[in-house]
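Visitor: Provided below for reference: sequence and predicted model.
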Amino acid sequence: MQIHFIAIGGSAMHNLAMALHAKGYQITGSDDTIFEPSKSRLEAKGLLPKEFGWFPEKIITKLDAVVLGMHAKADNPELLKAQELSVKIYSYPEFLYEQSKHKTRVVIGGSHGKTTITSMILHVMHYHEKEVDYMVGAQLEGFDTMVHLTEENDFIVLEGDEYLSSPIDRRPKFHLYKPNIALLSGIAWDHINVFPTMENYVEQFETFLTCMSNAAIMVYNEEDPIVKKVVEKSDKHMKRYPYQLPKHEIIDGKTHLETNEGPMPIEIFGNHNLSNLAGAKWICQHMGVDEDEFYEAIATFKGASKRLEKIAESKGKVAYKDFAHSPSKVRATTTAVATQYSTRKTIACLELHTYSSLNAEFLKEYENALDAADEAIVFYSPDAVAIKKLEAVSEQQIFEAFKRNDLKVFTDPEGFKKHLFNMNFDNSALLLMSSGNYGGLDFDEVRTLIHN
């Protein structure tokens, strides 16, 4: 097959392009700019466009399909040419469904935890040498790409994102996968630029259930009240399997999971991660991995990239990086570190970087999100607010939103860095939460700071 990618440089898009290339497809693509690591990875496979920009002449009638990325706009010249020539156009999730419609589709959904749960499942399958197709939102240790597609594998594990499918398809991605087995980890309002109210956001998860295959399996976190209500009130014909936080204890700074064989030390920590583990166990059991096999494999799981990722450790000092940005994730991640390192000072740094987190109305959702930390710092860039064409956010609004009198707020990258590098990290745990980089913070310098 000959496939053209419009906006091939995206994180998900370039991984799909490489997966199809490995499958023997002819792949071409375009983008107006491509950043690392996508650029080098595409170049290594011979898939990097010769020049940046949009070139309608690349769209020809002999193309089997065009895959349209979210980065492109509805008036993209290549998209308009494809529409004019009646070339088949797929969104990213639509094309994944086409590649997997004859497989058993396992879809992991939820406002938080879906990347970690998907990663756990893939780690267990990889450990036991069970081959599955997959799409996950983070680079995993031991895996070359974030997307893997074959003709022969029976299962495909898909991270079910609720964001929109493409510029011309406003359906959430996870509505298109039609799962045979699904999981819902939690529901907390997010993507407010697309889903303006909590009620509207919850509706997307209710619709997700209606999109499941008949007699499907639903694994769900019954300790999340919204998830519990959505799943248990649904009249969809499905088998329901609730899960809860597993029993565990922290011994000398190490989390031990209670199993039939006694306490088992694991690499991850935090109630949210342990809850994710319980959900992953149910999914793996439905995929043919028994409980003992699951525990054997999960003991070596160190976490997904940028999800409570330990970046440095020395005597009495440790630093973690986390992708957390929504209020529920920030609260859970901060609490996890403070609990795990209860005898140390917890220093939590949060960058407000996304459309939602920089929205003045949404800010109040962050109330008490950093309370578990001994010291709390918030960084945001007024330039980022302007770029997103949002109303200006003041430092006073940040203070009022977080409801923390000793909160430190920085809007200048150099000011934030100077404050951070002048802190005393003896007997402390540093947590850096952001989907950005604090205006250019060098994490290698942070590592050096902790090791000194």
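Guide: In hand now; what should we look at?

Visitor: roughly how far does residue 283 sit from residue 185?
Guide: Taking Cβ to Cβ, to the nearest Å as the measure, residue 283 and residue 185 are separated by 11 Å. (Glycine included, C-beta is placed from N, CA and C.)

Visitor: one more: residue 203?
Guide: In terms of Cβ to Cβ, residue 203 sits 18 Å off from residue 185.

Visitor: between the two, which one's more packed in?
Guide: residue 185 (25 against 14; other Cβ atoms under 10 Å).

Visitor: thinking again about what came up before, shared neighbours, residue 283 and residue 185?
Guide: Here residue 283 and residue 185 have 108, 117 as joint contacts, going by Cβ atoms under 8 Å, 6 or more residues apart in numbering.

Visitor: contacting residues around residue 271?
Guide: Residue 271 neighbours (Cβ under 8 Å, 6+ apart): 245, 332, 335-336, 339.

Visitor: if we use 6 Å, what do you get?
Guide: Applying Cβ atoms under 6 Å, 6 or more residues apart in numbering, we find residue 271 in contact with residue 245.

Visitor: then the one 10 residues further on?
Guide: Residues touching residue 281, when contacts are defined by Cβ under 6 Å, 6+ apart, comprise residue 294.

Visitor: what are the buried residues along stretch 312-327?
Guide: 312, 317-327 (16 or more other Cβ atoms under 10 Å).

Visitor: pull up the distance across that stretch, start to finish.
Guide: Stretch 312-327 has an end-to-end distance of 25 Å (criterion: Cα to Cα, to the nearest Å).

Visitor: one more: stretch 69-87?
Guide: As for stretch 69-87, its first-to-last residue distance stands at 16 Å under the measure Cα to Cα.

Visitor: contacts for that stretch?
Guide: Counting by Cβ under 6 Å, 6+ apart, residues outside stretch 69-87 touching it are 6-7, 10, 13, 30, 54, 56, 59, 61, 63, 66, 89, 166-168.

Visitor: burial measure for residue 1, as a count.
Guide: Residue 1 - counted by other Cβ under 10 Å - has 11 other residues nearby.

Visitor: same deal with residue 154?
Guide: The number of residues near residue 154, taken as other Cβ under 10 Å, comes to 14.

Visitor: got it, and residue 355?
Guide: When neighbours are counted by other Cβ under 10 Å, residue 355 comes out with 16.

Visitor: from what I can see it touches residue 193, true?
Guide: Yes - between residue 355 and residue 193 there is a contact at 4.7 Å, judged by Cβ atoms under 6 Å.

Visitor: mind listing what's buried along the helix ranked longest in the chain?
Guide: Secondary structure of the chain per DSSP state H: the longest helix is helix 271-286. The neighbour-count check on helix 271-286 (16+ other Cβ under 10 Å) flags 272-284, 286 as buried.

Visitor: which of those residues sits closest to residue 1?
Guide: Checking those against residue 1 with Cβ to Cβ, the nearest one is residue 283 at 30.7 Å.

Visitor: out of the buried residues of stretch 312-327, which one sits closest to residue 431?
Guide: Of the buried residues of stretch 312-327, the one sitting nearest to residue 431 (Cβ to Cβ) turns out to be residue 320, at 5.1 Å.

Visitor: and the pLDDT at residue 141?
Guide: Looking at residue 141, its pLDDT reads 71.

Visitor: ignoring the adjacent residues along the chain, who's closest to it?
Guide: Nearest residue to residue 141, sequence neighbours excluded (Cβ to Cβ, 6 or more residues apart in numbering): residue 302, at 7.1 Å.

Visitor: dihedrals phi and psi, that neighbour?
Guide: The phi/psi pair for residue 302 (degrees, to the nearest 10) reads phi -100, psi 0.

Visitor: what's the answer for residue 385, then?
Guide: Here is the backbone geometry of residue 385 (degrees, to the nearest 10): phi -60, psi -40.

Visitor: could you pull out the helices for the stretch 301-450 of the chain?
Guide: For the stretch 301-450 of the chain, the helices defined by DSSP state H, counting those that start in this stretch occupy 327-340, 382-387, 395-402, 413-421, 443-451.

Visitor: make CSV out of these and add mean pLDDT.
Guide: Converted to CSV, the helices of the stretch 301-450 of the chain look like this (pLDDT from 0 to 100):
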stretch, mean pLDDT
helix 327-340, 94
helix 382-387, 78
helix 395-402, 92
helix 413-421, 95
helix 443-451, 93
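
Visitor: could you dump those into CSV with distance to residue 252 added?
Guide: Listed next are the helices of the stretch 301-450 of the chain as CSV, based on distance: least, Cβ to Cβ, whole Å:
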stretch, distance to residue 252
helix 327-340, 11
helix 382-387, 41
helix 395-402, 32
helix 413-421, 28
helix 443-451, 20
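
Visitor: closest to residue 398 out of the buried residues of helix 271-286?
Guide: residue 272 (24.2 Å).

Visitor: what pLDDT does the closest one get?
Guide: Listed pLDDT for residue 272 reads 93.

Visitor: same check, this time on residue 224
Guide: 97.

Visitor: ok, it - contacts?
Guide: residue 186.

Visitor: again, only this time at 7 Å
Guide: Contact partners of residue 224, counting by Cβ atoms under 7 Å, 6 or more residues apart in numbering, are 186-187.

Visitor: quick one, strands of the stretch 201-350 of the chain?
Guide: 216-221, 238-243, 248-251, 254-259, 262-265, 309-314, 317-322, 345-352 (DSSP state E, counting those that start in this stretch).

Visitor: alpha carbons of the first one, as PDB, please.
Guide: Meaning strand 216-221. Extracted C-alpha coordinates of strand 216-221, given in PDB (Å, rounded to 0.1, in the frame of the first residue of the first chain):
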ATOM      1  CA  ALA A 216     -17.200  -6.700  25.500                       C
ATOM      2  CA  ILE A 217     -15.200  -6.700  28.800                       C
ATOM      3  CA  MET A 218     -15.000  -3.500  30.800                       C
ATOM      4  CA  VAL A 219     -12.400  -3.200  33.600                       C
ATOM      5  CA  TYR A 220     -12.900  -0.100  35.700                       C
ATOM      6  CA  ASN A 221     -11.600   1.700  38.800                       C
END
